[in-house]
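1. All I have is the shape, not the residue letters:
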């Protein structure tokens with residue numbers, strides 16, 4: 001799983017707006033913004049978090065750590 005903080009950080013590294021992230025992932029912009037409001041794993045359908053992770057990883061984001069132990073992201077291009 002990924003955290004709301006990781007979603008915010010991944011968007012920041014990619015310089016993607018919430019609207020662009022929504023377009024690329026097929027997840028509503030409002031949902032993305034709601035998920036980002038949580039520091040830990042946001043309450044959501046697992047499918048939404050899995051899809052966001054897939055889209056970010058395809059763009060070069062690597063998720064590091066775990067939700068309970070130093071979650072973070074880094075950009076690989």
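-> Received it, and whenever you're ready, just let me know what you need. Since the model is a prediction, treat every value here as computed from it, not as a measurement. Residues are numbered from 1 along each chain as shown.

2. List the residues that contact residue 18.
-> Residue 18 is in contact with 11, 29, 32-33, 36, counting by CB atoms under 8 Å, 6 or more residues apart in numbering. Just so you know, the C-beta spots here come from the backbone N, C-alpha and C atoms, and that holds for glycine as well.

3. Tell me which residues are up against the helix or strand containing residue 56.
-> Using DSSP states H and E, residue 56 maps to helix 46-58. Contact partners of helix 46-58, identified using CB under 8 Å, 6+ apart, comprise 1-2, 7, 10, 14, 21, 24-27, 31-32, 35, 41-42, 63, 73.

4. Quick check: bridge partners of residue 66?
-> Per DSSP bridges, the residues bridged to residue 66 are residue 69.

5. how close does it sit to residue 35?
-> From residue 66 across to residue 35, the span is 18 Å (CB to CB, to the nearest Å).

6. Looking at those two now, which is surrounded by more residues?
-> More crowded of residue 66 and residue 35, by other CB atoms under 10 Å: residue 35, with 22 against 10.

7. need the contact list for the closest residue to the more buried one other than its chain neighbours.
-> Nearest residue to residue 35, sequence neighbours excluded (CB to CB, 6 or more residues apart in numbering): residue 42, at 4.4 Å. Shown in contact with residue 42 (CB under 8 Å, 6+ apart): 3-4, 34-36, 49.
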